[in-house]
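# what's the 3D shape of this:
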Amino acid sequence: MEGQPMSRRRFVQTIGAGAAILAGAAPVRADDAKPAAPKPGGIRFGVQTAPQHVTYQQIADMWKLAEDLGYDTAFTFDHFMPIFSDPNGSCFEGWSLLAALAAQTHRMKVGVLVTGNIYRFPIVVAKMAATIDHVSNGRLILGMGAGWFELESTAYGIPFYTVGGRARRLGEALQVMTLLFTHERSTFDGKYYHLKDAPFEPKTVQRPHPPILVGGVGPKLIQPIAARYADIWNFFASPDIAKTKALCEQFDGVCRQIGRDPAQIEKSAGIGGAMLEGTPKELRARLQELVNIGVRHFIIALPQPYEPSVVRSFAKEVVPAFR
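Have a look, this model is predicted:
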């Protein structure tokens, strides 16, 4: 297939959690002691394994390693073709993969970072979410985004819409899913989606619904949606801490404008590339700066080949300082 995925910069601005993806895979082993779990309201750490250019077993092994090492969360992504790499390579579907991984893990919260809303009707996502929340015994994080990968939409005939159109559909989809999760029957007559006396059973294990994560940083469209509906807001952390601080302050202002306490929403930052470079002491100092501006959840965006040594050393030499 011809064409190139969009730039990293636009990806980060639109979705927030990811890093440049390379090709290949590496074996893993899980023979390390588990660090302490986070205190209630404390700092969480997770991994995101892009399911491209790898085998299923390599992904499953990395999730087992992450759980054995005490990571709190693990995520797939939602694409039908590889991003930031050869689009002709292999790429597993994120939600069906998540169901399998949820069944093989026992403690970590799990999710898709993030679901492209334009790929499915909200009733389909809500049903998938409820199913996986039961499979995982109440460990799902429902990650949602507006969608950004135009090449993918063009290749598969998925309507891409405008930036505003995608954002408005995301907001309406979250309204629909919240209704389905919390009512015996739901009726909704929106601009894009409709329900008519729609039943929804079984309800999710987590009540009133799984925590909703919204990814993206657009101040006019996405941030207000996150401020209204999200329990977790996700973005990609910049090595320039001042920029990340300004972004977080901007989001807090959006929350206050709609009457939401910013403290009610966990700030979740994807970290990769330059953010993971340096000695453990330098990494701890860098993350502490982000903690000081309100970040409470760090998600390592793992490129391929997966590097078990990175996951191990981070768990042993960085994470304990924040427990």
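
# quick one, helices of the chain?
Using DSSP state H, the helices of the chain run over 8-14, 56-68, 94-104, 122-135, 150-156, 163-182, 222-229, 241-257, 280-292, 308-317.

# which helices and strands sit right next to the second one?
Where contact means 3 or more C-beta pairs under 8 Å, 6 or more residues apart in numbering; DSSP states H and E, helix 56-68 is packed against strand 44-49, strand 73-76, helix 94-104, helix 308-317. Every residue, glycine included, has its C-beta placed from N, CA and C.

# Out of these, which is closest to Ile158?
Nearest to Ile158 among the helices and strands packed on helix 56-68 is helix 94-104 (14.9 Å), distances taken as C-beta to C-beta.

# Adding distance to Asp231, mean neighbour count and mean pLDDT, write the helices and strands packed on helix 56-68 out as JSON lines.
Below are the helices and strands packed on helix 56-68 laid out as JSON lines (distance: least, C-beta to C-beta, whole Å; neighbours: other C-beta atoms under 10 Å; pLDDT from 0 to 100):
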{"stretch": "strand 44-49", "distance to Asp231": "13", "mean neighbour count": "24", "mean pLDDT": "98"}
{"stretch": "strand 73-76", "distance to Asp231": "13", "mean neighbour count": "26", "mean pLDDT": "98"}
{"stretch": "helix 94-104", "distance to Asp231": "18", "mean neighbour count": "18", "mean pLDDT": "98"}
{"stretch": "helix 308-317", "distance to Asp231": "25", "mean neighbour count": "17", "mean pLDDT": "96"}
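
# Please work out which of the helices of the chain is packed deepest.
Per residue and on average, the most neighbours among the helices of the chain fall to helix 222-229, with a mean of 23 (mean count of other C-beta atoms under 10 Å).

# From the chain's centroid, how far away is it?
Its chain's average C-alpha position is 15 Å from that of helix 222-229, according to C-alpha atoms, centre = their mean, to the nearest Å.

# can you check stretch 237-251 too?
On C-alpha atoms, centre = their mean, the centre of stretch 237-251 falls 18 Å from the chain's centre.

# CA-only coordinates of it in PDB, if you can.
Output of stretch 237-251 as PDB, limited to C-alpha atoms (Å, rounded to 0.1, in the frame of the first residue of the first chain):
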ATOM      1  CA  ALA A 237       4.600  14.100  27.700                       C
ATOM      2  CA  SER A 238       7.000  16.500  26.100                       C
ATOM      3  CA  PRO A 239      10.700  16.600  27.200                       C
ATOM      4  CA  ASP A 240      10.000  20.300  27.600                       C
ATOM      5  CA  ILE A 241       8.500  20.300  31.000                       C
ATOM      6  CA  ALA A 242       7.300  23.900  30.600                       C
ATOM      7  CA  LYS A 243       5.200  22.900  27.600                       C
ATOM      8  CA  THR A 244       3.600  20.000  29.500                       C
ATOM      9  CA  LYS A 245       3.000  22.300  32.500                       C
ATOM     10  CA  ALA A 246       1.300  24.800  30.300                       C
ATOM     11  CA  LEU A 247      -0.800  22.100  28.700                       C
ATOM     12  CA  CYS A 248      -1.900  20.800  32.100                       C
ATOM     13  CA  GLU A 249      -2.800  24.300  33.300                       C
ATOM     14  CA  GLN A 250      -4.800  24.800  30.200                       C
ATOM     15  CA  PHE A 251      -6.800  21.700  30.800                       C
END
